[in-house]
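Asks: starting from these lines, generate the structure:
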Amino acid sequence: MTRSCALPPKRMKMKRTSISIRTSLLAIVSLLCLSAIALAGREVIDAWANLADAGQVESSNRTSDLLLSAAGNWAVERGIANTALAGKNPLSSETRKALRERREDADAALAEALQRVGEVDAVKAGDTTVANVKAAWKQVVDLRRQVDNALESPLAARESAVAEQWVPTMTALIMASQNLRIAAQYLPDTAETKISQIQDAKGAIWTMSEYAGRERALIGRAVSSGKALDTATLQTLATHRGRVEQSWLAVAPERMPTPMSRRQRRPSI
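Replies: All right, here's what the predicted structure looks like:
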């Protein structure tokens, strides 16, 4: 008599239940593993992005330092040359050497900064800050020749137009270089950056309103009283006005750096 190989229904049901539980556990473990891998991948991407941001910030700081160094040396050159142009005698060899050193250091810093700005696409397409710096620098180079020629002669033989143009022309170059420094800043496009900018703008706006109000109060009192402004009041007004103008520079549209996303710049690391 042949024996049947079929399992009893109860055992078959237990086997199916065991397989179902095993499959569910494997599926749950697989999902957990996939989730862990996805989270790890996201952390790797974020870490790489932060590293790229750090490299961009370091590069931006280097460019900023170069433009600040150039502006500082130009400021010294402006003062030395302007003092010499007002002097009675021709320029001494020591002063000429100091003037030449400042020029060389400033121009070298500018050349490196412009190269770095071009290499990392630090300025948006269509931005005129680079062109403005180059145009201002060309005007300074042309005027330097006239200044050098004028300083070869005593004061009586110099053209007054050279001295009158010198300070405004140098100042225009310095301001153009600092506009470029701000435009070339790298600010990561993050919520923290935007919040910080908003808070800084609010602080600058409050400062403008407060010191403009103080200026208005002083002038209003003087007008009502019909008295002339004394020296102390004029100095106070100049201080208040300076605070207003300085705060305006912090929020002027053409000087506000824009946070840049990582896609907007080439990696510098």
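Asks: so how far is Arg102 from Ala111?
Replies: For Ala111, the distance to Arg102 equals 15 Å [C-beta to C-beta, to the nearest Å]. Glycine gets a C-beta too; all of them are placed from N, C-alpha and C.
Asks: between these two, which is the more surrounded one?
Replies: Arg102 (20 against 13; other C-beta atoms under 10 Å).
Asks: next one: that one from Ser92, what distance?
Replies: Taken as C-beta to C-beta, the span from Arg102 to Ser92 is 15 Å.
Asks: check Gly41 too.
Replies: Taken as C-beta to C-beta, the span from Gly41 to Ser92 is 68 Å.
Asks: do the same with Val76
Replies: Applying C-beta to C-beta to Val76 and Ser92 gives a distance of 16 Å.
Asks: between those two, who's got more neighbours?
Replies: Each of Val76 and Ser92 has its neighbours counted (other C-beta under 10 Å); Val76 has more, 17 against 12.
Asks: in which helix or strand would I find the more buried one?
Replies: helix 9-86 (DSSP states H and E).
Asks: ok, how many other residues are close to Leu26?
Replies: Leu26, neighbours per other C-beta under 10 Å, totals 10.
Asks: please apply the same query to Ala172.
Replies: Residues near Ala172, counting by other C-beta under 10 Å: 16.
Asks: can you report phi and psi for it?
Replies: phi -60, psi -40 (degrees, to the nearest 10).
Asks: how about it, what does it touch?
Replies: Contact analysis of Ala172 by C-beta atoms under 8 Å, 6 or more residues apart in numbering lists 136, 139.
Asks: now Ala176
Replies: Ala176 neighbours (C-beta under 8 Å, 6+ apart): 129, 132-133, 135-136.
Asks: among those, which one has the most neighbours?
Replies: Val133 (25 neighbours).
Asks: over to the nearest residue to that one once chain neighbours are set aside. Which of the three states is it?
Replies: Spatial nearest neighbour of Val133, excluding adjacent residues (C-beta to C-beta, 6 or more residues apart in numbering): Ala176 at 4.7 Å. Secondary structure state of Ala176, per DSSP: H, G, I helix; E, B strand; the rest coil, is helix.
Asks: same deal with Leu91?
Replies: Secondary structure of Leu91, per three-state DSSP, is coil.
Asks: what is the burial count for it?
Replies: 19.
Asks: ok, now which ones touch it?
Replies: 84, 99, 151-152 are the contacts of Leu91 under C-beta under 8 Å, 6+ apart.
Asks: how about the residues you listed, which pair is most distant?
Replies: Leu99 and Glu152 (12.8 Å; C-beta to C-beta).
Asks: where does this structure have its least confident helix or strand?
Replies: helix 9-86 (a mean of 77; mean pLDDT, DSSP states H and E).
Asks: give me the local confidence score for Pro257.
Replies: Predicted confidence (pLDDT) for Pro257: 55.
Asks: next helix or strand past the least confident helix or strand of the chain?
Replies: According to DSSP H and E, the helix or strand after helix 9-86 is helix 93-119.
Asks: just the buried positions in that following helix, please.
Replies: Neighbour counts over helix 93-119 (16 or more other C-beta atoms under 10 Å) mark 95-96, 99, 102-103, 105-107, 109-110, 112-114, 116-117 as buried.
Asks: likewise stretch 196-210?
Replies: For stretch 196-210, by 16+ other C-beta under 10 Å, it's 197, 204, 207-208.
Asks: go on, stretch 150-158?
Replies: Neighbour-count burial for stretch 150-158 [16+ other C-beta under 10 Å]: 150-151, 158.
Asks: using a markdown table, please lay out these together with distance to Arg22, secondary structure and pLDDT.
Replies: Converted to a markdown table, the buried residues of stretch 150-158 look like this (distance: C-beta to C-beta, whole Å; DSSP: H, G, I helix; E, B strand; the rest coil; pLDDT from 0 to 100):
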| residue | distance to Arg22 | secondary structure | pLDDT |
| --- | --- | --- | --- |
| Ala150 | 96 | helix | 92 |
| Leu151 | 94 | coil | 92 |
| Arg158 | 99 | coil | 89 |
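Asks: with that, I have no additional questions.
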